[in-house]
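1. When you get a sec, could you give me coordinates for this:
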Amino acid sequence: MTAIVKTQALKDTVVLLELMNDTTIKGQVLSVDEGMNVMLKDASYRTLQGAPLELPMVFVKGSNLRYIHVSRNLNAGQLVEDHRAKLDTAANMYSNSRASGMSTPGNADTKKTPMKSPY
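-> Numbers count the residues shown, from 1 in each chain. Now for the predicted structure:
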């Protein structure tokens, strides 16, 4: 299992991000993408001098991350298993819908009608 999947499992969890420039951001994880870019809400950014800056939402580029700290009370293993179950369910639903011929965004049947000339 990749670090990205483990990090994606932290959605809706409060984490502390330690950045490469030695600053920290604490907030609730909204999303994590394939590049380990993290979106946090209700974040608190701390500079090297310790001055906090409250941010309603912040985007952190994955290349700026040094560590992601989580609470000791958090059962990370259970979060990852729950996330994997959601991914498996979504994959099964998608493959079942394609097998039954249901319309999905990728295979929608659209009839193309020729355009009539305005002249």
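2. buried ones in stretch 52-67?
-> For stretch 52-67, the buried set under the neighbour-count rule, 16 or more other Cβ atoms under 10 Å, comprises V58, V60, N64, L65. Every residue, glycine included, has its C-beta placed from N, CA and C.
3. From V32, how far out is the third one?
-> Right, N64. N64 sits 14 Å away from V32, going by Cβ to Cβ, to the nearest Å.
4. so where's the longest helix in the protein?
-> Using DSSP state H to define each element, the chain has its longest helix at helix 76-99.
5. Would you state the strands of the chain in chain order?
-> 14-19, 24-32, 38-46, 52-60, 65-69 (DSSP state E).
6. can you redo these as CSV with mean pLDDT and distance to K6?
-> Converted to CSV, those look like this (pLDDT from 0 to 100; distance: least, Cβ to Cβ, whole Å):
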stretch, mean pLDDT, distance to K6
strand 14-19, 94, 12
strand 24-32, 94, 9
strand 38-46, 96, 13
strand 52-60, 95, 17
strand 65-69, 91, 9
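7. what's the closest of these to D82?
-> strand 24-32 (14.2 Å; Cβ to Cβ).
8. would TSV of the strands of the chain with distance to G77 be doable?
-> What follows is the strands of the chain, written out as TSV (distance: least, Cβ to Cβ, whole Å):
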stretch	distance to G77
strand 14-19	16
strand 24-32	17
strand 38-46	21
strand 52-60	24
strand 65-69	16
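9. closest to R98 out of these?
-> Comparing the strands of the chain by Cβ to Cβ, strand 24-32 comes nearest, at 25.7 Å.
10. got a list of contacts for the closest one?
-> Contact with strand 24-32 is made by 4, 7-8, 10-19, 38-46, 55, 57-58, 60, as judged by Cβ atoms under 8 Å, 6 or more residues apart in numbering.
11. Flag every buried residue along it.
-> T24, I25, K26, G27, Q28, V29, L30, V32.
12. so what strands line up beside it?
-> strand 14-19 (antiparallel), strand 38-46 (antiparallel) (DSSP bridges).
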